[in-house]
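> Provided below are the primary sequence and the corresponding predicted coordinates.
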Amino acid sequence: MKKVLPLIKIETLYMLVLITVLVIIGSSFNRGKAVVYDINNNRAVQTVRLVSKYNPVVTPVKVVKTFNEVLKYGPNSPIAFSGSMTAYGPDCKGCSGNLACPPRHNAKNGNIYFKDSKYGKIRILAADSKIPCGTIVQVSGLKNSKPFYGVVLDRGGVIKGTLFDLLFTSQKQAGGFGRQKANYKIIRWGW
């Protein structure tokens, strides 16, 4: 009769189970880090950073004060700053209704939203030409408005610096908006 050898020795199996348990216990005490132990020498060999959907790596938001800082730090990290917001309609004086940024959305049909693959249905904004098309901005601090996401898809002759312009279905509807202080957080710089 032929002797059948097990693929893994039972001691090795116990060792693997013990290492797995130690990694799990170590990760719970090290806030997202797992410590791999050398059982024979009873010491930590390596620390590994665990990343999962339950323990995401969060990039801190940099708060900036000037428009030059917006341009300096915006491409590299999420930034937050204060500014002001006005409103416009596609039928405003000098407006063609076609937005300046690709895909050159026609806003005369009353559609003031854009469908972004990551952020869903979001409002359309006009911004300074130094802020690239496709930039995603979280807007908060407006009167009678909850925070919302917007995408830069348009430009304007007087839209400079930290002033953004919110698209409404018509200039008449935008007329009561005025000029308001707003807080901005740029979370995606361009497409």
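That came through, no problem. Residues are numbered from 1 along each chain as shown.
> For the rest of this, base every contact and every neighbour count on C-alpha atoms.
OK.
> List the buried residues of stretch 137-145.
For stretch 137-145, a neighbour-count test (16 or more other C-alpha atoms under 10 Å) marks 137-140, 142 as buried.
> which residues are contacting it?
146-152, 180-188 (C-alpha atoms under 8 Å, 6 or more residues apart in numbering).
> quick one: low-confidence parts of the chain?
Within the chain, the stretches with pLDDT under 70 are 1-57.
> Could you list the domains of it?
10-49, 62-188 (automatic domain parsing).
> secondary structure element for the closest residue to residue 149 other than its chain neighbours?
The spatial neighbour of residue 149 that comes closest, neighbours along the chain excluded (C-alpha to C-alpha, 6 or more residues apart in numbering), is residue 138 at 4.4 Å. For residue 138, the host element (DSSP states H and E) is strand 136-140.
> Also residue 104?
Going by DSSP H and E, residue 104 is not in any helix or strand.
> before we move on, the earlier item: in a markdown table: the buried residues of stretch 137-145, plus distance to residue 164.
Below are these laid out as a markdown table (distance: C-alpha to C-alpha, whole Å):
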| residue | distance to residue 164 |
| --- | --- |
| 137 | 10 |
| 138 | 12 |
| 139 | 10 |
| 140 | 12 |
| 142 | 12 |
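> rewinding a little: list the strands paired with the strand holding residue 138, with their directions.
Within its sheet, and counting by DSSP bridges, strand 136-140 is paired with strand 148-154 (antiparallel), strand 180-188 (antiparallel).
> how distant is the helix or strand just after the shortest one from the center of its chain?
Moving toward the C-terminus from strand 148-154, the next helix or strand (DSSP H and E) is strand 163-167. Between the centre of strand 163-167 and the centre of its host chain there is 19 Å, according to C-alpha atoms, centre = their mean, to the nearest Å.
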